[in-house]
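S.K.: Okay, sequence plus prediction incoming.
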Amino acid sequence: MLISSDGASEWWGYKPVDKTPRSVSSCSSRESEQGRFTSPTSSSRESSMASLRSALQGLGASRRCSARPWFLTRIRANTFRAFSTNLSPPSRAFVYEQHGPPDQVLRMIDLPPVEVKENDVCVKMLAAPINPSDINTIEGVYPARPQLPAIGGREGVGEVHAVGSAVKSLSVGDRVIPSPPSFGTWQTYVVKEESVWHKVNKNVPIEYAATVTVNPLTALRMMEDFVKLNPGDAIVQNGSSSMVGQCIIQLARIQGVQSINIIRERPGSEELREKLKKLGANEVFTENQLEVKNLKSLLDNIQEPVLGFNCVGGNSASLVLKFLRQGGTMVTYGGMAKKPITVSTSSFIFKDLSLRGFWLQKWMSAEKTQDCRVMIDHLLSLVQRREIKYEMELVPFCNFDTALNKALGKLGSQPKQVLTF
Ligand SMILES: NC(=O)c1ccc[n+]([C@@H]2O[C@H](COP(=O)([O-])OP(=O)(O)OC[C@H]3O[C@@H](n4cnc5c(N)ncnc54)[C@H](OP(=O)(O)O)[C@@H]3O)[C@@H](O)[C@H]2O)c1
């Protein structure tokens, strides 16, 4: 059942930024697929229409039927298909028109059908994660940002629903991911050019196909690109419970590289230690356990690490540096604690440490698209062979607010939130 959202502030737990009614749905995704949309009240219709129009202008500009009256945009998807075969179904999306806290600026909107042009592929989304970079993009603090208004999300997986007349490589029913990731996956139907989509094996669980690029590929590249690791070498990382961290543990295990893992002290840290050990972690320490003078005394039969990964910053990054051996390298790829990295003078003079950074987006330049897809297939084959796994929670799209609150850390430490459609 769909309800108009006079009670939106109650549903979302905050006051909406504008008075535009937001439609919220129960968990019947079937109903939303069938196009049972809310009807804005007449007083709100104009502002709703204005914001929808402006949203559409930013979401592919002329590709969207921006001039269509709201009542036409809200009729059933299959009615449209009866008129024309080159329109997508309407799409339900989480859109932001300004940067700010995601739980305040995002709102659900029903978008009208768009034309599926000759080189386009219309994909019915199946799953899409909420990654820290999605949150930072909406906050406006991520360097790569789409033009506003924009639909949230960047990676995901879907099934081809319709193809344009010139599309050769994909057919209806194929399972695809946007590769490289592409803005706007938090919506039920996405229309983008054929070249955006990469076909993946249908035997891979959707949550893995939806999440394979941003985090596992980052882990893979960082293990390859900075220091040549040999079996018996060791690495150290913080944020080890993150999806990237879990992948690093397993990629290290596959290469015969030992891993020292730092997690933060929080409820469930003992259970987490056991989980990470089952993935292949050699050592797991909470930050508090590392408040000792001689870190090396904590290591049994593990070499001093040659390479470290930091996605936290602050004291946690200092701990990574302390573990590193003479001439070691620390790669920073995230800043979850939002605290700067402090490096002691002696780290440079006496240990000659190197500090590097990694940003997948920069690495994934246009020329790397094909390489990137080969690596994604490799990672998905590791998933299929159960050599890589990571924790995720699947959440129906209609429960977006809960998933978002969890991803924002408002409900304590949580597994990666993956929206299902
Ligand atoms: N540079 C790149 O190209 C690139 C690519 C991918 C990801 N990243 C970055 O990598 C990091 C991990 O991403 P992910 O998607 O793998 O993470 P994730 O699965 O969403 O997990 C979040 C991680 O952050 C930790 N965390 C959350 N708030 C924290 C805080 N205030 N202080 C310390 N730790 C905190 C969590 O620890 P608990 O388990 O204890 O809650 C958990 O380990 C993010 O910073 C992300 O932006 C960067």
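M.R.: Perfect, thanks for sending it. Residues are numbered from 1 along each chain as shown.

S.K.: distance of Tyr228 from the ligand?
M.R.: Actually, residue 228 is Lys rather than Tyr. Between Lys228 and the ligand the computed distance is 21 Å (C-beta to the nearest ligand atom, to the nearest Å). For every residue, glycine as well, the C-beta is placed using N, CA and C.

S.K.: how close does that residue sit to Gln255?
M.R.: Using C-beta to C-beta, to the nearest Å, Lys228 is found at 11 Å from Gln255.

S.K.: Those two - which one has more neighbours?
M.R.: Legend: neighbour count by other C-beta atoms under 10 Å for Lys228 and Gln255, higher for Gln255 (16 against 8).

S.K.: Please report phi then psi for the residue nearest to that one when sequence neighbours are not counted.
M.R.: Using C-beta to C-beta, 6 or more residues apart in numbering and skipping residues adjacent in sequence, the residue nearest Gln255 is Leu229, 6.2 Å away. Main-chain torsions, Leu229, degrees, to the nearest 10: phi -100, psi 140.

S.K.: Walking through the stretch 301-421 of the chain, point out its helices one by one.
M.R.: Secondary structure of the stretch 301-421 of the chain by DSSP state H, counting those that start in this stretch: the helices cover 314-323, 345-349, 360-363, 369-384, 400-407.

S.K.: quick one: which of these is nearest Gln237?
M.R.: helix 314-323 (6.9 Å; C-beta to C-beta).

S.K.: For that closest one, name the packing helices and strands.
M.R.: Packing partners of helix 314-323 (3 or more C-beta pairs under 8 Å, 6 or more residues apart in numbering; DSSP states H and E): strand 234-237, strand 258-263, strand 307-310, strand 329-332.

S.K.: The ligand contacts on the stretch 251-400 of the chain?
M.R.: 263-264, 266, 311-312, 333-334, 336-337, 358-360 (C-beta under 6 Å from any ligand atom).

S.K.: Show me which of those are buried.
M.R.: 263-264, 311-312, 333-334, 336-337, 358, 360 (16 or more other C-beta atoms under 10 Å).

S.K.: Now render these as JSON lines, adding pLDDT.
M.R.: Shown next, in JSON lines, are those (pLDDT from 0 to 100):
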{"residue": "Ile263", "pLDDT": "98"}
{"residue": "Arg264", "pLDDT": "97"}
{"residue": "Cys311", "pLDDT": "98"}
{"residue": "Val312", "pLDDT": "98"}
{"residue": "Tyr333", "pLDDT": "98"}
{"residue": "Gly334", "pLDDT": "98"}
{"residue": "Met336", "pLDDT": "97"}
{"residue": "Ala337", "pLDDT": "97"}
{"residue": "Phe358", "pLDDT": "97"}
{"residue": "Leu360", "pLDDT": "96"}
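
S.K.: nearest to the ligand, of these?
M.R.: Gly334 (2.4 Å; C-beta to the nearest ligand atom).

S.K.: Leaving out the residues flanking it, which one is nearest to that closest one?
M.R.: Cys311 is the one closest to Gly334 (C-beta to C-beta, 6+ apart), at 3.1 Å.

S.K.: show me what contacts the one you found?
M.R.: Cys311 is in contact with 237-239, 242, 244-245, 332-336, counting by C-beta atoms under 8 Å, 6 or more residues apart in numbering.

S.K.: Can you identify each of the helices in the stretch 51-200 of the chain by residue range?
M.R.: Under DSSP H, counting those that start in this stretch, the stretch 51-200 of the chain gives helices at 70-73, 77-83, 102-105, 132-139.

S.K.: By mean pLDDT, show me the worst of those helices.
M.R.: The weakest mean pLDDT among the helices of the stretch 51-200 of the chain belongs to helix 70-73, with a mean of 34.

S.K.: The residue nearest to Gln255: neighbouring residues, count only.
M.R.: The burial count for Leu229: 19, using other C-beta under 10 Å.

S.K.: pretty sure it contacts Gln258?
M.R.: No - using C-beta atoms under 8 Å, Leu229 is not in contact with Gln258; the gap is 10.1 Å.

S.K.: remind me which residues of the stretch 251-400 of the chain are low pLDDT?
M.R.: Along the stretch 251-400 of the chain, the model assigns pLDDT under 70 to no residue.

S.K.: which parts of the stretch 1-150 of the chain sit against the ligand?
M.R.: Within the stretch 1-150 of the chain, the residues that sit near the ligand (C-beta under 6 Å from any ligand atom) are 131-133.

S.K.: which one of these is nearest Val121?
M.R.: Nearest member of these to Val121, counting by C-beta to C-beta, is Asn131, at 23.2 Å.

S.K.: mind giving me the domain split of this structure?
M.R.: Domains of the chain are assigned by automatic domain parsing as 2-211+391-420, 214-361.

S.K.: Alpha carbons of stretch 351-359, as CSV, please.
M.R.: Output of stretch 351-359 as CSV, limited to C-alpha atoms (Å, rounded to 0.1, in the frame of the first residue of the first chain):
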residue,chain,number,x,y,z
LYS,A,351,61.9,4.3,9.5
ASP,A,352,61.8,6.0,6.1
LEU,A,353,58.1,5.3,5.8
SER,A,354,56.2,6.2,2.6
LEU,A,355,52.7,7.6,2.7
ARG,A,356,50.6,7.1,-0.4
GLY,A,357,46.9,7.5,-1.3
PHE,A,358,44.5,5.5,-3.5
TRP,A,359,41.3,6.6,-5.2
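
S.K.: buried set for that stretch?
M.R.: 351, 353, 355, 358.

S.K.: In strands, which of the residues you listed fall?
M.R.: Counting by DSSP state E, the buried residues of stretch 351-359 place Leu355 in strands.
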